[in-house]
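S.K.: Below: sequence and its predicted model.
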Amino acid sequence: MPEAQDAPAGGSGDSAESHSERVNRELIELLNELRVALPGVQVLFAFLLAVPFATGFAQTNDFQRDLFFGTLLATAISSALLIAPSAYHRMNFRERDKERMLLTSNTLALAGLFFLALAIIGAVALIADFIYGPAVPILCAGIGAVIFAGLWFVLPILRRNPEHTPD
């Protein structure tokens with residue numbers, strides 16, 4: 001199926017769009033994309049906050065507790081990074097420097113996605129270790145790392161348009 005040529009998808013260079021309009025659109029797109037990621041990190045964080053109070057948590061070994069705490073920290077860091085662009089925008093939206101806001105928020109969002117991937121991989125590895133023992137979580141973590149790195153980071157870089165030059 002051929003790609004649509006009539007609408008600018010993700011900044012495909014619509015000549016009628018000014019630099020300021022492009023920055024405004026990209027900032028709105030980024031904030032909307034964060035609305036997709038935030039519920040996932042919030043659900044994972046809520047789940048992890050409840051785990052230590054479950055009766056089965058007392059049966060965990062030192063590795064599982066350490067992995068749990070690392071996963072909890074990665075989730076908290078991801079939450080902070082993914083929410084930061086909204087706070088940044090609220091505090092600086094009248095400063096008339098949306099491009100810097102966009103670039104900073106983009107960096108925060110990418111870092112937040114990195115920590116979210118770590119948190120999800122950690123949660124899967126923790127559950128796999130609790131259920132199956134030491135070999136399965138290593139396999140799950142490795143497969144998870146390849147999947148997240150591939151889909152969230154490598155694929156977007158490989159699919160960049162080599163003819164596109166940023167303004």
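M.R.: Yes, it's here.

S.K.: alpha carbons only for contacts and neighbour counts from here, please
M.R.: Fine.

S.K.: helix or strand right after the strand or helix carrying residue 47?
M.R.: Following DSSP states H and E, the helix or strand that holds residue 47 is helix 19-50. Sequence order places helix 62-92 as the next helix or strand after helix 19-50, per DSSP H and E.

S.K.: now the helix holding residue 47, how far from the centre of its chain.
M.R.: 8 Å (C-alpha atoms, centre = their mean, to the nearest Å).

S.K.: burial count for residue 115?
M.R.: As a burial measure, residue 115 scores 23 neighbours (other C-alpha atoms under 10 Å).

S.K.: For residue 45, see how far away it is.
M.R.: According to C-alpha to C-alpha, to the nearest Å, residue 115 stands 12 Å off from residue 45.

S.K.: Now for the two: what residues contact both?
M.R.: Both residue 115 and residue 45 are in contact with residue 75, where contact means C-alpha atoms under 8 Å, 6 or more residues apart in numbering.

S.K.: Could you point out the longest helix of the protein?
M.R.: The residue-count maximum for a helix in the chain (DSSP state H) belongs to helix 98-132.

S.K.: so it versus helix 19-50, what angle?
M.R.: With axes from the mean of the first three to the mean of the last three C-alpha atoms, to 10 degrees as the basis, helix 98-132 and helix 19-50 are set at 30 degrees to each other.

S.K.: Could you look up the next helix or strand downstream of helix 98-132?
M.R.: As assigned by DSSP H and E, the chain's next helix or strand after helix 98-132 is helix 135-148.

S.K.: and that next one, what other elements does it pack with?
M.R.: Where contact means 3 or more C-alpha pairs under 8 Å, 6 or more residues apart in numbering; DSSP states H and E, helix 135-148 is packed against helix 98-132.

S.K.: Which secondary structure element of the protein has the lowest mean pLDDT?
M.R.: Here the helix or strand of the chain ranked lowest by mean pLDDT, DSSP states H and E is helix 19-50, holding a mean of 87.

S.K.: in it, what's buried?
M.R.: Residues 22-23, 26-27, 30-31, 34, 37-38, 41, 44-45, 48 are the ones in helix 19-50 that count as buried (16 or more other C-alpha atoms under 10 Å).

S.K.: same question, stretch 61-71
M.R.: Residues 64-65, 67-68, 70-71 are the ones in stretch 61-71 that count as buried (16+ other C-alpha under 10 Å).

S.K.: And stretch 144-155, by the same measure?
M.R.: Buried, per 16+ other C-alpha under 10 Å, within stretch 144-155: 144-145, 148.
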